[in-house]
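K.L.:
Please find the sequence and the predicted model below.
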Amino acid sequence: MSTKIAVAKGDGIGPEIMAAVLRIFEAANVPLEYEYVEMGKSYFDAGHSTGMTPAAKETIERLGLLFKGPMETPKGKGVKSINVTARKVWNTYANQRDFRSLNGVDTVFSKAGIPINLTIVRENIEDTYGGIEHLLTNDVAVGRRIITRPGSAQVIRYAFEMARRKGYTKLACGHKANIMKLTDGMFLETFYEIAKEFPDIESSDIIVDDLCMKLVSRPEIFQAIVLTNLQGDIVSDLCAGLVGGLGFAPSANIGDNISIFEAVHGTAPDIQGKGIANPTALLLSGILMLRYLGYTTAAAAIENSLLYTLEQGIHTGDFGDKSTPSANTEAFADAVIANL
Ligand code: NAD
């Protein structure tokens, strides 16, 4: 039996990498059917303030799962990010980002023989992302940061459950509760409350600046880390750098009714239309989605093929020896398909 999901191709390089990924899915006989939805910058420009048409919203809510390409956030005051709006509209409270060393993708750590395999779970809705800001005077801007106990609890519980599912033995909470005693203090307090429900997972906490230092010096000591929204955003891009860059960073936005799978990176306007974008992050997000749906065999087949392709030294020009990329987007997808 197949599953129907909503697909939004996205802006910039979105349609290029989505086409490559769906071609790989087709070759792997993935049991998915697609309903394409109208969502992105052009729909925002056409007057849809959420960046999607009412029909797109209806489709996504009916199907419960959206696979999306990156979307451009129109610049300017008073304009909210389409991506942030989507996460809020559907209460996708947990943002899971998996980072692992990939053979063939050289990094400082892979060269030193230190494998990385860690997951960041970022709270996805609260914190400063409410964008509640105002000018007190012309020279004083004020922003509000909102952290709630139920909001913290749902993402922290998800992180513990995910750690257990993945066979991790420990989960750390990153925070700045030494300074932001009420907001981060509440997040940390909630972490240790929920930790009592998961005695099989070793829980610890670490101040976010110390966490950054340890991540760039000894990333192998971490398995999973849960953080508030802004800190999680910054730390997860740092982790993308550890494993080779944004081209290798997948993500899942998990909610109780709707989940969104997408790459961590944006629309890459500088390379749009050139056919050279790296589809790996979106493909890894698709693999995460297949596992989420229970299609573990198809997920493993595609993942093995992707890993083998990278090991063969086939790569787009965004990493490795940038002067000699061995493949463009299409050729990279062809190689993954050939290796299936
Ligand atoms: P970006 O991630 O689009 O690009 C940063 C750099 O990484 C660029 O040099 C780009 O060429 C490169 N890059 C990114 N993805 C790549 C890929 N798959 N293959 C090869 N190179 C890749 O970040 P940005 O320039 O800050 O943002 C551009 C737009 O994307 C903005 O409008 C931003 O709001 C949006 N954005 C969307 C999402 C999302 O949809 N979830 C996430 C981040 C940024």
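P.N.:
It's in. Predicted model, so just to flag it, every value in this text is computed and none were measured. Numbering: from 1, shown residues only.

K.L.:
Now do the contacts for the closest residue to G247 other than its chain neighbours.
P.N.:
Closest residue to G247 apart from its sequence neighbours, by CB to CB, 6 or more residues apart in numbering: N278 at 3.7 Å. For the C-beta atoms, the positions are set from N, CA and C on the backbone; glycine is no exception. By CB atoms under 8 Å, 6 or more residues apart in numbering, N278 lies in contact with 17, 247-248, 315-316, 318-319, 329, 332.

K.L.:
Tell me which of these fall in helices.
P.N.:
Per DSSP state H, helices hold the following members of those: 17, 329, 332.

K.L.:
so how many other residues sit close to the residue nearest to the last one when sequence neighbours are not counted?
P.N.:
Nearest-residue entry for F332: T316, 5.6 Å, with adjacent residues in sequence omitted and distances by CB to CB, 6+ apart. When counting by other CB atoms under 10 Å, one arrives at 23 neighbours for T316.

K.L.:
For T316, give me phi and psi.
P.N.:
Main-chain dihedrals, T316, degrees, to the nearest 10: phi -80, psi 170.

K.L.:
now D139
P.N.:
phi -110, psi 0.

K.L.:
Show the contacting residues for it.
P.N.:
Neighbours of D139 in contact, by CB under 8 Å, 6+ apart: none.

K.L.:
Please apply the same query to G51.
P.N.:
39-41, 43-44, 71, 82, 85-86.

K.L.:
returning to that earlier point: measure the residue nearest to G247 to G244 for me?
P.N.:
10 Å (CB to CB, to the nearest Å).

K.L.:
what do you get for S49?
P.N.:
37 Å.

K.L.:
Let me see the ranges of the strands in the stretch 101-250 of the chain.
P.N.:
117-123, 133-137, 140-143, 170-175, 202-207, 224-227, 250-254 (DSSP state E, counting those that start in this stretch).

K.L.:
Out of those, which is the most enclosed?
P.N.:
strand 224-227 (a mean of 27; mean count of other CB atoms under 10 Å).

K.L.:
And that one, what does it pack against?
P.N.:
strand 117-123, helix 149-166, strand 170-175, helix 229-242 (3 or more CB pairs under 8 Å, 6 or more residues apart in numbering; DSSP states H and E).

K.L.:
so can I have a markdown table of these showing mean pLDDT and distance to L310?
P.N.:
A markdown table is the format used below for these (pLDDT from 0 to 100; distance: least, CB to CB, whole Å):
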| stretch | mean pLDDT | distance to L310 |
| --- | --- | --- |
| strand 117-123 | 97 | 16 |
| helix 149-166 | 97 | 22 |
| strand 170-175 | 98 | 28 |
| helix 229-242 | 94 | 16 |
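
K.L.:
Let me have those in TSV, adding distance to S204 as columns.
P.N.:
As requested, these are exported to TSV (distance: least, CB to CB, whole Å):
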stretch	distance to S204
strand 117-123	14
helix 149-166	12
strand 170-175	5
helix 229-242	16
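
K.L.:
and the chain, which of its residues are near the ligand?
P.N.:
13, 17, 70-73, 83, 246-247, 262, 265-271, 277-278, 281, 318 (CB under 6 Å from any ligand atom).

K.L.:
Give me the buried entries from those residues.
P.N.:
Neighbour counting with 16 or more other CB atoms under 10 Å marks 13, 17, 70-73, 83, 246-247, 262, 265-268, 271, 277-278, 281, 318 as buried within the residues of the chain next to the ligand.

K.L.:
Mind checking which of those are in strands?
P.N.:
Among those, DSSP state E puts E262 in strands.

K.L.:
for stretch 187-200, which positions count as buried?
P.N.:
For stretch 187-200, a neighbour-count test (16+ other CB under 10 Å) marks 187-188, 190-191, 194-195, 198 as buried.

K.L.:
Ok, stretch 45-54 next?
P.N.:
Residues of stretch 45-54 classed as buried by neighbour count (16+ other CB under 10 Å): 48, 50-52.

K.L.:
go on, stretch 88-96?
P.N.:
Buried-residue list, stretch 88-96, by 16+ other CB under 10 Å: 88, 90-96.

K.L.:
ditto for stretch 300-320
P.N.:
Along stretch 300-320, these residues count as buried under the neighbour rule (16+ other CB under 10 Å): 301-303, 305-310, 314-320.

K.L.:
ok, now stretch 26-44?
P.N.:
27-28, 30, 32, 37-41, 43-44.
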